[in-house]
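# sequence plus the predicted model coming up.
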Amino acid sequence: SAVISQKPSRDICQRGTSLTIQCQVDSQVTMMFWYRQQPGQSLTLIATANQGSEATYESGFVIDKFPISRPNLTFSTLTVSNMSPEDSSIYLCSVAATGTIAKNIQYFGAGTRLSVL
Amino acid sequence: AQSVTQLGSHVSVSEGALVLLRCNYSSSVPPYLFWYVQYPNQGLQLLLKYTSAATLVKGINGFEAEFKKSETSFHLTKPSAHMSDAAEYFCAVEAGAGSYQLTFGKGTKLSVIP
């Protein structure tokens, strides 16, 4: 299994500012994902971030609002730009497991709890 | 397109009683199905997965789920609830084998009453 560290674990931010969330994995992985979990809601995929290519965004999410970097096989960042109270959510990163036995499994970080005032 | 419906946003059971968390899915392709558990202030942890092998899937912590194609269901069960099972449970479907794109249900919060 993969161990995923997310920073910060929580933050309170002012409207109009930006926050960058870091995701560090203890092993090299090709596929990383960013999800949003709004209060009382399920997880929604924001984008897929594969090393060496541009992130692929899901419908309703755009690069200008959620720019993603993936500089190497163990690290990624998600920035929430020009924040509004509607961006208050838990943001989680996940990685796709490799290997035959662990195929199709995603491992998740503990999430970043963001509150926007 | 895929979708997941979890019946009951909140389920309460007594310690030692049967746990049954319901999940129905829709998928345009043969689905891969998953149950994840989220403990407070933690990330999601995989309980079990169905990927077209045996229809009865056993997972960690005594949980199991049965894939029923005719009912488009993948309900999660555990014969005897433990206090440590109190958490939120998410059912998810993968958008095509190997895509890794998961669609999650809204979650069911399980409370265990001593």
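Received it, and whenever you're ready, just let me know what you need.
# now for the closest residue in space to residue B:7 that isn't next to it in sequence: which residues touch it?
Sequence neighbours aside, residue B:22 is the residue nearest to residue B:7 in space, at 4.1 Å (criterion: C-beta to C-beta, 6 or more residues apart in numbering or on different chains). Quick note: C-beta positions are derived from backbone N, CA and C, even for glycine. By C-beta atoms under 8 Å, 6 or more residues apart in numbering or on different chains, residue B:22 lies in contact with B:6-8, B:73, B:75, B:108.
# quick one: residue B:22 from residue A:73, how far?
Using C-beta to C-beta, to the nearest Å, one gets 39 Å for the distance from residue B:22 to residue A:73.
# which outside residues touch stretch A:41-59?
A:30-38, A:61, A:63, A:66, A:68, A:70-73, A:76, A:78, A:91-92, B:44, B:90, B:100-102, B:104-107.
# need the buried ones from those selected in PyMOL.
Those of the contacts of stretch A:41-59 that count as buried under 16 or more other C-beta atoms under 10 Å in any protein chain shown are selected in PyMOL with:
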select buried, (chain A and resi 31+32+33+34+35+36+37+61+66+68+70+73+76+78+91+92) or (chain B and resi 44+90+100+101+102+104+105+107)
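# name the SS class of residue 71, please.
Picking chain A for this. Using DSSP: H, G, I helix; E, B strand; the rest coil, the structure places residue A:71 in strand.
# that's the wrong chain, I wanted chain B
Recorded secondary structure, residue B:71: coil (three-state DSSP).
# neighbours of the nearest residue in space to it that is not next to it in sequence, how many?
Leaving out its chain neighbours, the residue that sits closest to residue B:71 by C-beta to C-beta, 6+ apart is residue B:24, at 7.5 Å. Neighbour count of residue B:24, defined by other C-beta atoms under 10 Å in any protein chain shown: 17.
# same check on residue B:81?
Using other C-beta under 10 Å: residue B:81 sits among 22 other residues.
# perfect, that will be all.
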